[in-house]
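>>> sequence unknown, structure follows:
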Ligand SMILES: [Zn+2]
């Protein structure tokens, strides 16, 4: 190819074709295959990938038949993933870590260890977890898919008991995180992550981020699809109403008092005062229906009679459970049971479409 062209009376240097670069993180000198995406090459072990992934197994078989580019006597396979995702995924596939120790029942004393690249107990890098989930689903690597999915499911669970135990910063926190999880759940088919992630988008995120996109730490903005934006806005409205008319019905309306109210005028005044405080609180924030410890029960118990307090708490707890069961429907999603079934089908479906 000519490097220069005569343009008018001057020479202009034609742009050089961009050459692929080798990954700094994933280049095993004695590797047997080179994977290339986004102009980045990764030299890894074909047998390791084929043994763990039916998709790679089929891909390599096809490659042997049709011939390919070669680098250092290794065939080059061109993929369409992001280089960052592939870098995380390939390291998780090849750097497994170990622990050597001695059993002194009931303990296992670790004498030497080396960390694996991905450990569901210690890895808190969201991009690493998301990248490995994305590609382990695509390439049907079950052990990685299950571990990364379960780590995310701890933060975006399907039961209220799990929700009450979640630790927000178990994975690095950033404002757009629930938005990224919505997109990731859609992309990989792990739909049971959606209700909790959409609940957080709808109730904790700035409304402008729902409408126009939320900023990520890497400088990009992540924007939900229109259908999910609409679902978030619809869910936000429904939850705002449910907080007043259902969760706090013991002060905004009338509930059955077990036994009977033993101090009716006093209790009514206390409820009136509480509902005013609730309205002020709700005017400044979105309805965090499932956040615990937002309502000051010790104060309320002091303000009303024993029977009113007990009935209110029983109502609150049972309504909270009912609202959680209905949560998927607030966002136009199938029931929890159907969402869990959809997760179970992710790998089955992938295996069905995989070339054998
Ligand atoms: Zn009372």
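Arrived safely, thanks for sending. Nothing here was measured: the structure is a model prediction, and the numbers come from that model. Residues are numbered from 1 along each chain as shown.

>>> On the three-state scheme, the residue in the stretch 1-150 of the chain positioned nearest to the ion is what?
In the stretch 1-150 of the chain, the residue found nearest to the ion is residue 150; the distance is 45.4 Å by C-beta to the ion. C-beta coordinates here come from the backbone N, C-alpha and C atoms, glycine included. Three-state call for residue 150 (DSSP: H, G, I helix; E, B strand; the rest coil): helix.

>>> Now for the spatially closest residue to it that is not a sequence neighbour: which residues touch it?
Spatial nearest neighbour of residue 150, excluding adjacent residues (C-beta to C-beta, 6 or more residues apart in numbering): residue 120 at 6.8 Å. With contact set as C-beta atoms under 8 Å, 6 or more residues apart in numbering, residue 120 has these partners: 147, 148, 150, 151.

>>> which SS state does the closest residue in space to the last one that isn't next to it in sequence fall under?
Yep, that's residue 151 we're talking about. Of all residues not flanking residue 151 in the chain, residue 120 sits nearest, at 4.6 Å (C-beta to C-beta, 6+ apart). Assigned by three-state DSSP, the conformation of residue 120 is coil.

>>> What's the separation between residue 120 and residue 62?
33 Å (C-beta to C-beta, to the nearest Å).

>>> do residue 141 as well
In terms of C-beta to C-beta, residue 141 sits 19 Å off from residue 62.

>>> Compare the two and say which is more crowded by neighbours.
residue 141 (23 against 12; other C-beta atoms under 10 Å).

>>> hey, which helix or strand in the protein has the poorest pLDDT?
For the chain, using mean pLDDT, DSSP states H and E, the weakest element among its helices and strands is strand 4-7, scoring a mean of 42.

>>> confidence score at residue 254?
For residue 254, the model assigns a pLDDT of 89.

>>> oh sorry, the question was meant for residue 205
86.

>>> does it really touch residue 179, like I thought?
Yes. Applying C-beta atoms under 8 Å, one finds residue 205 in contact with residue 179, separated by 7.3 Å.

>>> More neighbours: these two, which one.
Using other C-beta under 10 Å, the more surrounded residue of residue 205 and residue 179 is residue 179, with 27 against 19.

>>> In which helix or strand does the more buried one reside?
Here residue 179, judged by DSSP states H and E, is contained in helix 177-188.

>>> re earlier: need the pLDDT of the residue nearest to residue 151.
87.

>>> Chain neighbours aside, what residue packs nearest to the most centrally placed residue in the chain?
Geometric centre of the chain, nearest residue: residue 181, 3.6 Å, by C-alpha atoms, centre = their mean. Among residues not flanking residue 181 along the chain, residue 197 sits closest, at 4.1 Å (C-beta to C-beta, 6+ apart).

>>> so the host helix or strand of that neighbour versus helix 177-188, what angle?
According to DSSP H and E, residue 197 maps onto helix 194-204. Interaxial angle, helix 194-204 versus helix 177-188 (axes from the mean of the first three to the mean of the last three C-alpha atoms, to 10 degrees): 150 degrees.

>>> by contact count, what packs against helix 194-204?
helix 177-188, helix 207-212, helix 226-242, helix 306-330, helix 336-353 (3 or more C-beta pairs under 8 Å, 6 or more residues apart in numbering; DSSP states H and E).

>>> quick one: which of these is nearest residue 156?
helix 177-188 (5.8 Å; C-beta to C-beta).

>>> Give me the contacts around that closest one.
Contacts of helix 177-188 (C-beta under 8 Å, 6+ apart): 126, 130, 133-134, 137-138, 152, 155-156, 171, 190-194, 197-198, 200-201, 204-205, 209, 213-214, 216, 222-225, 228, 346.

>>> can you rerun that using 6 Å?
For helix 177-188, the external contacting residues (C-beta atoms under 6 Å, 6 or more residues apart in numbering) are 130, 137, 156, 191, 193, 194, 197, 200, 201, 214, 222, 228.

>>> One more: stretch 239-247?
Under C-beta under 6 Å, 6+ apart, the answer for stretch 239-247 is 252, 287, 289, 319, 323.

>>> same thing but 10 Å
Contacts with stretch 239-247, where a contact means C-beta atoms under 10 Å, 6 or more residues apart in numbering, come from 199, 202-203, 248-249, 251-253, 275, 278-279, 281-282, 286-290, 295, 315-316, 319-320, 322-323, 326-327, 330-331.

>>> Stretch 299-317 now?
By C-beta under 10 Å, 6+ apart, stretch 299-317 touches 246-251, 255-264, 266-271, 273-274, 277, 295-297.

>>> Next one: it, is it in contact with the ion?
Yes. Residues of stretch 299-317 contacting the ion under C-beta under 5 Å from the ion: 304, 305, 308.
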